[in-house]
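Asker: Here is a sequence with its predicted model. Questions after.
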Protein chains: 2
Amino acid sequence: MPAQITPLISSLPASVPFVGPETQERTRGRTFRARIGANENSFGPSPKAIAAMSAKAADIWKYGDPENHDLRHALASYHGVGPENIMVGEGIDGLLGLAVRLMVLPGTKVVTSVGAYPTFNFHVDGFGGQLIKVPYANDREDWRALIETAGVHNAALMYLANPDNPMGTWWEADEIAQMIAAIPETMVLCLDEAYGEFAPEGTLPPIDVSIPRLLRFRTFSKAWGMAGVRIGYCIGEAGLIRQFDKIRNHFGVNALAQAGAIASLGDPDHLVRIRAAVEKARARIGEIVRPFGFVPLPSATNFVSVDCGRDGLFARKLLNALIARDVFVRMPGVAPLDRCIRIGCGTDEDLDYLASFLPEAIAAASEA
Amino acid sequence: MPAQITPLISSLPASVPFVGPETQERTRGRTFRARIGANENSFGPSPKAIAAMSAKAADIWKYGDPENHDLRHALASYHGVGPENIMVGEGIDGLLGLAVRLMVLPGTKVVTSVGAYPTFNFHVDGFGGQLIKVPYANDREDWRALIETAGVHNAALMYLANPDNPMGTWWEADEIAQMIAAIPETMVLCLDEAYGEFAPEGTLPPIDVSIPRLLRFRTFSKAWGMAGVRIGYCIGEAGLIRQFDKIRNHFGVNALAQAGAIASLGDPDHLVRIRAAVEKARARIGEIVRPFGFVPLPSATNFVSVDCGRDGLFARKLLNALIARDVFVRMPGVAPLDRCIRIGCGTDEDLDYLASFLPEAIAAASEA
């Protein structure tokens, strides 16, 4: 390694937060038949978004608007806030990286849950922050313990996803509101609502941009079906949102994504269709797994964490057996969450395929 | 500002590296007629790239490959290096930000030229680096003085663009090779070759990935005409390239850009066409400005810096007079470079428009 690399970065492992399905396909030498492992939206984007991006394609010799002006205004109107309360970025992942950079120096304390979003941890590690992790309680992020831990340690940053990934569980809005009211003075809360559009009414608290130490993250990657174009945003108090402009890659959000996102917001019926399809798929996943004694956890997302009723070793074997049968799925990384495998709300074809190969995958996992 | 923001970021100004033309259009309440100010490729991308991106649009519910595998392999083959020598990112801007983060801590010395690329400086400031700036000599970046300055100050990083932006000037490959051979042991050189495809044969030295402290930046935004989808790459020694994986936004490069870039590489004739169109436009810009006593600087890029023969104040007035007449152009920010305005190699229509309004813009700038 060149001597010029900073000591912090020299000390970082070469690990990556997620291995993509394409990497697995290259290793296997075979493509997946059911791609239901990355919480993608198998039902796709709004046709209006596709049309808007296609219309923009010949114009892509132009840089996109670095202010994301039109999209920020569309989002402001959509959420009933001001455009100064919206920051657009290259997906939630990119925005989380910036949020960490805004607040984390080497040694800064950051609180999250054991087994929560690895990419957030990747960013905290990348800026030398000290992660303090709180266990899930009953497969939910334990917000009370998280807030308490943050207070005890004078944490500068805390992460919680509602609904949660990888478990699919959620808190109702009034609990989240209690958590927000309890944010310590020392701290900013990153509230990841990537799956918010899939949740039941009453899961997301009303947006209040007067709250000073809260960033709420949303994305076009999940319900809006645009993961491949990389666009997300966060909502917050204007003074906090403004900080991102000091450090972000100003021309980083591509013009097609901006156009597609604006068009998506103009097609609210798409969300209605997607929610219905996801709800149907969630029920179907339950029907597929229950005959084997597995328990689908209640989910407010576009995936279902399925409790396989045994330990992490068994779940891992089952996961590998499914992958060997061309079903791309993932699972939580740590106990006790890792007794589950995480199954995405795929299309009918995806789930038919899963259903037809699950029995032999279970058999293979059981005998090995 | 919330107390949680780091002292470094609290101290940063709210300024941005570039104001986009869209922002100016919104302020003016009128669109530009000739968009020749951002060094974009007015002749557009390869039709094969457009077709590849359109074909991918319905599939954008999938995350793009976080390894950029196929594109890295295509680029490796294109440049005759290994895929481990290529890092793909959200444009050169994004990659420069990562390179700075790899090597710059508060107080780290970084060398660049007075008036060189503002976005590089933005990133250095953003990580608290100490910029040391060397004047241009005869409108070229003074590589000997830059290297000497870097050595004197034990700089960790140095930036040079060849061909240069904003002046359009260049060094021949053997001079660049001398500079590379003289990189101090303490330092990594960021060699920005964004405009490399426009330069005469013999401007870019052969690629040698055994050189340990060199990063060469390339982009699909300029000659390949894909600025709006945000994709660039850097080439370097594998051990250095590998460092980016520790900190980058792994899913940050969108799937459409990857597909478009791969398709572009499969259409080398496109570069031939673009180079011819740019060469013709460069000559035309000279014809347009010379009758007024202005001097077009020799250019190895898709823009021409035009010496207006007076001071920065006059050039600024002329720039504003052109903008008021719906011609989007930019100019260097500091003396003595700011006696020039920078005119992009637009289409025939763009340059016709420029030609028809330049006389009255000069008259307006002269009388004010």
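Answerer: That came in fine, so what should we check first? Everything quoted here is computed from the prediction, not taken from an experiment.
Asker: where do the strands sit along the stretch 251-368 of chain A?
Answerer: Using DSSP state E, counting those that start in this stretch, the strands of the stretch 251-368 of chain A run over residues A:295-296, A:303-307, A:327-328, A:340-344.
Asker: quick check: mean pLDDT across the second one?
Answerer: Right, the one you point to is strand A:303-307. Model confidence over strand A:303-307 averages 98 on the pLDDT scale.
Asker: how about that strand, does it reach chain B?
Answerer: No: in this structure, strand A:303-307 remains apart from chain B according to Cβ under 8 Å from any Cβ of the partner chain; the gap is never smaller than 13.9 Å. Using the backbone N, CA and C atoms, a C-beta is placed for each residue, glycine as well.
Asker: Please name every helix or strand in contact with that strand.
Answerer: helix A:268-289, strand A:295-296, strand A:340-344 (3 or more Cβ pairs under 8 Å, 6 or more residues apart in numbering or on different chains; DSSP states H and E).
Asker: tell me which parts of the stretch 251-368 of chain A are close to chain B?
Answerer: By Cβ under 8 Å from any Cβ, the part of the stretch 251-368 of chain A that sits against chain B consists of A:251, A:252, A:253, A:254, A:255, A:256, A:257, A:260.
Asker: at 10 Å instead, please
Answerer: With Cβ under 10 Å from any Cβ of the partner chain as the criterion, the stretch 251-368 of chain A comes near chain B at residues A:251, A:252, A:253, A:254, A:255, A:256, A:257, A:258, A:259, A:260.
Asker: out of the residues you listed, who's nearest chain B?
Answerer: In terms of Cβ to the nearest Cβ, no member of these lies closer to chain B than residue A:255, at 3.6 Å.
Asker: my guess is the closest one meets residue B:221, correct?
Answerer: No: because the distance of 11.4 Å does not satisfy Cβ atoms under 10 Å, residue A:255 is recorded as not touching residue B:221.
Asker: neighbour-wise, which of the two wins?
Answerer: When residue A:255 and residue B:221 are compared on other Cβ atoms under 10 Å in any protein chain shown, the one with more neighbours turns out to be residue B:221, at 26 against 23.
Asker: returning to that earlier point: between the helices and strands packed on strand A:303-307, which one is nearest to residue A:60?
Answerer: Each of the helices and strands packed on strand A:303-307 was checked against residue A:60 via Cβ to Cβ, and the shortest separation belongs to helix A:268-289, namely 23.8 Å.
Asker: Just want the angle from the closest one to strand A:303-307.
Answerer: Going by axes from the mean of the first three to the mean of the last three Cα atoms, to 10 degrees, helix A:268-289 is angled at 20 degrees with respect to strand A:303-307.
Asker: re the thing from before, as JSON lines, the strands of the stretch 251-368 of chain A with mean neighbour count would be great.
Answerer: Shown next, in JSON lines, are the strands of the stretch 251-368 of chain A (neighbours: other Cβ atoms under 10 Å in any protein chain shown):
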{"stretch": "strand A:295-296", "mean neighbour count": "18"}
{"stretch": "strand A:303-307", "mean neighbour count": "26"}
{"stretch": "strand A:327-328", "mean neighbour count": "24"}
{"stretch": "strand A:340-344", "mean neighbour count": "27"}
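Asker: possible to save the ones you listed as a markdown table with distance to residue B:293?
Answerer: Listed next are the strands of the stretch 251-368 of chain A as a markdown table, based on distance: least, Cβ to Cβ, whole Å:
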| stretch | distance to residue B:293 |
| --- | --- |
| strand A:295-296 | 78 |
| strand A:303-307 | 68 |
| strand A:327-328 | 66 |
| strand A:340-344 | 67 |
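Asker: so what sits against both of residue A:255 and residue B:221?
Answerer: Applying Cβ atoms under 10 Å, 6 or more residues apart in numbering or on different chains, one finds that residue A:255 and residue B:221 are jointly contacted by A:60, A:61, A:63, B:227, B:228, B:229, B:230.
Asker: Quick one: residues contacting the fifth one.
Answerer: Shown in contact with residue B:228 (Cβ under 10 Å, 6+ apart): A:56-57, A:59-65, A:251, A:254-259, B:40, B:45, B:221, B:257.
Asker: Does the closest residue to chain B within the stretch 101-250 of chain A fall in a helix, a strand, or a coil region?
Answerer: Proximity of the stretch 101-250 of chain A to chain B (Cβ to the nearest Cβ) peaks at residue A:228, 3.6 Å away. When the structure is reduced to helix, strand and coil (DSSP: H, G, I helix; E, B strand; the rest coil), residue A:228 reads as helix.
Asker: so where does the residue nearest to the spatial centre of chain A fall, helix or strand?
Answerer: Against the mean C-alpha coordinate of chain A, by Cα atoms, centre = their mean, the closest residue is residue A:194 at 5.1 Å. Here residue A:194, judged by DSSP states H and E, is contained in no helix and no strand.
Asker: So what's the residue count around the spatially closest residue to residue A:38 that is not a sequence neighbour?
Answerer: The shortest distance from residue A:38 to any residue other than its chain neighbours is 5.9 Å, reached at residue B:63 (Cβ to Cβ, 6 or more residues apart in numbering or on different chains). Neighbouring residues of residue B:63 were enumerated by other Cβ under 10 Å; the total is 24.
Asker: From residue B:120, how far out is residue B:63?
Answerer: Between residue B:63 and residue B:120 the computed distance is 29 Å (Cβ to Cβ, to the nearest Å).
Asker: again with residue A:183
Answerer: Shown here: residue A:183 relative to residue B:120, a distance of 37 Å by Cβ to Cβ.
Asker: which of these two has more neighbours?
Answerer: Just comparing residue A:183 and residue B:120: by other Cβ under 10 Å the higher neighbour count belongs to residue B:120, 24 against 19.
Asker: Give me the pLDDT for the more buried one.
Answerer: Reading off the per-residue confidence, residue B:120 sits at a pLDDT of 98.
Asker: ok, now the one 3 residues further on?
Answerer: You'll see residue B:123 listed with a pLDDT of 98.
Asker: Surely it is in contact with residue B:102?
Answerer: No: between residue B:123 and residue B:102 there is no contact, the gap being 11.0 Å when judged by Cβ under 10 Å.
Asker: Same list (the helices and strands packed on strand A:303-307) but as CSV, adding mean pLDDT.
Answerer: Below are the helices and strands packed on strand A:303-307 laid out as CSV (pLDDT from 0 to 100):
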stretch, mean pLDDT
helix A:268-289, 98
strand A:295-296, 98
strand A:340-344, 98
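Asker: which one of these is the most hemmed in?
Answerer: Among these, judged by mean count of other Cβ atoms under 10 Å in any protein chain shown, the one packed with the most neighbours on average is strand A:340-344 (a mean of 27).
Asker: what's near enough to touch the nearest residue to residue A:154 once chain neighbours are set aside?
Answerer: Excluding its sequence neighbours, the residue lying closest to residue A:154 (Cβ to Cβ, 6+ apart) is residue A:186, at 5.1 Å. Remark: with contacts taken as Cβ under 10 Å, 6+ apart, residue A:186 is in contact with A:109, A:150, A:151, A:153, A:154, A:155, A:156, A:157, A:213, B:2, B:3, B:4.
Asker: Apply 7 Å and report the result again.
Answerer: Residues near residue A:186 by Cβ atoms under 7 Å, 6 or more residues apart in numbering or on different chains: A:154, A:155, A:156, B:4.
Asker: Could you give the secondary structure assignment for whichever residue of the stretch 1-150 of chain A sits closest to chain B?
Answerer: When you check the stretch 1-150 of chain A against chain B by Cβ to the nearest Cβ, the closest residue turns out to be residue A:60, at 3.6 Å. Three-state secondary structure (criterion: three-state DSSP) places residue A:60 in coil.
Asker: how close does the nearest residue to it once chain neighbours are set aside get to residue A:82?
Answerer: The shortest distance from residue A:60 to any non-neighbouring residue, by Cβ to Cβ, 6+ apart, is to residue B:228 (3.6 Å). When distances are taken as Cβ to Cβ, residue B:228 and residue A:82 turn out to be 27 Å apart.
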